[in-house]
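Asks: Sequence plus the predicted model coming up.
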Amino acid sequence: PDSKVRIHTFECWQGDDLVAGELGYACGDVYTSLSGFSSLSSAGSVQCAATANWLRLSGYKLWDLGMELPYKLAMGAKNMPRADFLRLIKQARQRPPLALLGPQDDSFDARALLDAEDPRTLLAAAGPR
């Protein structure tokens with residue numbers, strides 16, 4: 001059966017070393033972060049920024065980052081009233097699940113995604129996965 005929930009990992013590698021990543025799930029056009037890590041200074045910020053762009057370009061409307069933490073606010077996260085959040089979540093989860101745009105081999109160059117003038121051109125050529 002088709003599931004409305006899709007599990008995703010976003011990873012940031014430096015050579016052969018996994019330096020940052022997160023696990024989360026998507027339901028409709030909402031992505032929810034469950035847990036993340038980084039082992040190299042600023043790697044988590046790069047992973048977070050690349051993930052944000054990837055989700056946005058793939059059509060996601062809401063990224064639930066969980067509890068408020070200073071680093072999330074510093075990167076642009078915003079709190080919203082609980083009633084608004086619950087309304088948005090309910091609406092978004094009624095939509096069909098979205099595919100992440102990207103390469104078929106499940107890898108993507110975060111630097112290219114972040115440095116491109118129009119990152120959509122990088123993703124559009126790859127199509128949905």
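Replies: Nice, thanks for sending it over.
Asks: Secondary structure element holding the spatially closest residue to residue 39 that is not a sequence neighbour?
Replies: With CB to CB, 6 or more residues apart in numbering as the criterion, residue 39 has its nearest non-adjacent residue at 5.4 Å, and that residue is residue 19. In short, each C-beta sits where N, CA and C put it, glycine included. In this structure, residue 19 is located in strand 17-27 according to DSSP states H and E.
Asks: Equivalent analysis for residue 73, please.
Replies: For residue 73, the enclosing helix or strand under DSSP H and E is helix 70-74.
Asks: swap in residue 13?
Replies: Counting by DSSP H and E, residue 13 is part of strand 5-14.
Asks: Counting neighbours, which bits of that strand end up buried?
Replies: Residues 8, 10-12 are the ones in strand 5-14 that count as buried (16 or more other CB atoms under 10 Å).
Asks: Select the longest helix from the chain.
Replies: helix 43-57 (DSSP state H).
Asks: What is the subsequent helix or strand relative to that one?
Replies: strand 62-64.
Asks: what are the pairing partners of that next one, and which direction each?
Replies: Strand 62-64 has its sheet partners listed here by DSSP bridges as strand 30-38 (parallel).
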